[in-house]
Structures are given as structure tokens and as C-alpha cells.
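1. Here is my input; please provide its structure:
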Amino acid sequence: MFYLLKSFIQMKILLNKNDLNEALENVSNLGFVPTMGSLHKGHISLIKESKKKCNKTIVSIFVNPKQFNNKNDFKKYPRNRKKDLSILKRLKVNYVYLPTVKEIYRVKRSSRIIISKKDKILCAKYRKGHFEGVIDVMERLIENIKPQKIFMGEKDFQQLYLLKKYLRKHSSKIIECRIIREKNKLALSSRNSLLQKREKNLAAKLITNIMKLKRKLNKGSNIKKVLNKTGNEINKLQNVKIEYLELRNIKNLKISNKLKNSKIFVSFYINNVRLIDNF
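-> Numbering: from 1, shown residues only. Modelled structure (predicted):
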């Protein structure tokens, strides 16, 4: 850690709440980009947006164990701190917050986070405790950092929706940023690095085909029936499993049969790697 601190001296690395209080005491219009590391162009776009709209930018790197409903998924999650810090230094980020699990969870919550039954859809239906863990850690990060703006990508659309709903009491404003995609249309994700080349190509092909399907849908289509049929066809492919493929209203995430104000939400596994997207 001393080597890291010495190498990145121009970029302040903060390890605990005392460091945060000292470094951020007189900072106004602070932009915050929460990450779990393994940074890619999607994260970089969020950081650039923060630098454009805020006086100072802080990036956190914390792989949160409480939002993983699968221990193996947590263990396998890609990590490369040295590379991440090099990227952040190049981007001239002002502050990097590198808390430990003990630092984040040193104070016990006074009450449990409970997500309502109507919100247990999409990823919440299949990842028990995931969003409770996300809301918990985000609330702790916000309370420690006290940013004016938080920059997050629309790839995790349900996450954005729930954070806005359950963290209303905080004054920090969540800024939604567009999905960054590879040339083959696959949304950038740290999990993509866990895919073999042929698996990545297959994932991109599936996403491209679903995008084309949405463009072909019209007002007379029974959209739910079409999506169910498509999901069943995809499930027949080797090493592929669709978790959900649904059209939902972007304002309330209710199932929709109208394309206006709606997005297709998809989650699927290729072998043991889980990917999500929306368009």
C-alpha cells in the first residue's frame, strides 16, 4: 500500500472516514463515481462526465460482498487495483476512496433495508438480497463522502430506479449516464473479461438480435408473446440461459405492452457468467 500511496501522490488516495473529512472539508460541487474496480470505458465515461460537471471528482473502488448472492461470484469478480489506479491517475481524478469491508460496515444499521414486493422484479427476483446490499453500501458511501452529484450508468437501470426511490432523503443527485457499448453492441461490463472470445461473440449476437427484434415490433404485436417465444428459442442454445426478457415501463418498471416510454430488459447466463442489458 505504501508503494501505491507514493506512486500516486498527485492523486489523493483516501482509506477511511478521517481521510475523507480532511480531504473534502472545503470541497464544493463534488462529483462521485462509485465502482467495484476493473475499470473500463464505461467507467471512464462516467468520470469524464463528473469532471465536466463538477469542481472535483472522487472515485470509490469497493467490491461489496453484501450485494453478491453467490460466494463464488464474489470470489471470481475481476480485480486489478494497480491497473485501476493507473487509469484514474491518467484521468487526473482528484480523489480515490479505497475502503475496507471493516471500514464500510463499522457502524451497524439502526433498521433493516426492506424492498417492497412490487420491486422484487427483474434482477431483484433472481438475486436475493442483492439490491438490499446495493442500497446499504450506497447509503454508507454517500454519508461518508457527501457528494453533490453521483454518476451512474443506465446499464444497471433497475439499480438506478431503486436507489432514487430508497435514498430520497439524501441531497445527493444521481446523474444517469448512457450505456457505453463495444462495436459489436455488447454493453461494457467488468464481467465481460470473464468470457472467452467465442462466448463474447455469442453474447453480442444475442444482444444485436434482441435489438433488431425491438425495432420490428409494432403497435399490433403481442409483445409479451413475442418476447416469451424469443426467450424460449435462446434457451435452446448451448451454454445459454435466459433469466428474463421483458418489456417494462421506464417510469415505474411495470410490465408494458407499449413501446412508448418502455425498454426491453434482459438478463442471461453464458456458462456461469451473468450479463444484463436494456434498450
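2. Would you mind confirming that residue 55 is in contact with residue 28?
-> Yes: here residue 55 reaches residue 28: they are 6.1 Å apart, a contact under CB atoms under 8 Å. Using the backbone N, CA and C atoms, a C-beta is placed for each residue, glycine as well.
3. Look at the two and report which has more neighbours.
-> Of the pair residue 55 and residue 28, residue 55 is the one with more neighbours under other CB atoms under 10 Å, namely 12 against 9.
4. Pop the domain breakdown of the chain in here.
-> As recorded under automatic domain parsing, the domains making up the chain are 2-177, 190-278.
5. Redo those domains as a markdown table? Include mean pLDDT.
-> Compiled in a markdown table, those are given as follows (pLDDT from 0 to 100):
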| stretch | mean pLDDT |
| --- | --- |
| domain 2-177 | 94 |
| domain 190-278 | 93 |
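6. can you pull out the helices in the protein?
-> For the chain, the helices defined by DSSP state H occupy 2-7, 17-24, 41-53, 71-76, 81-90, 101-104, 123-126, 130-145, 157-166, 197-216, 223-235.
7. if we can go back for a sec, which one of the domains of the chain lies closest to residue 183?
-> When those are compared by CB to CB, domain 190-278 sits nearest residue 183, at 9.0 Å.
8. I'd like the domains of the chain laid out as JSON lines, including distance to residue 183.
-> Converted to JSON lines, the domains of the chain look like this (distance: least, CB to CB, whole Å):
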{"stretch": "domain 2-177", "distance to residue 183": "11"}
{"stretch": "domain 190-278", "distance to residue 183": "9"}
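9. Quick check: which of the helices of the chain is nearest to residue 250?
-> helix 157-166 (7.5 Å).
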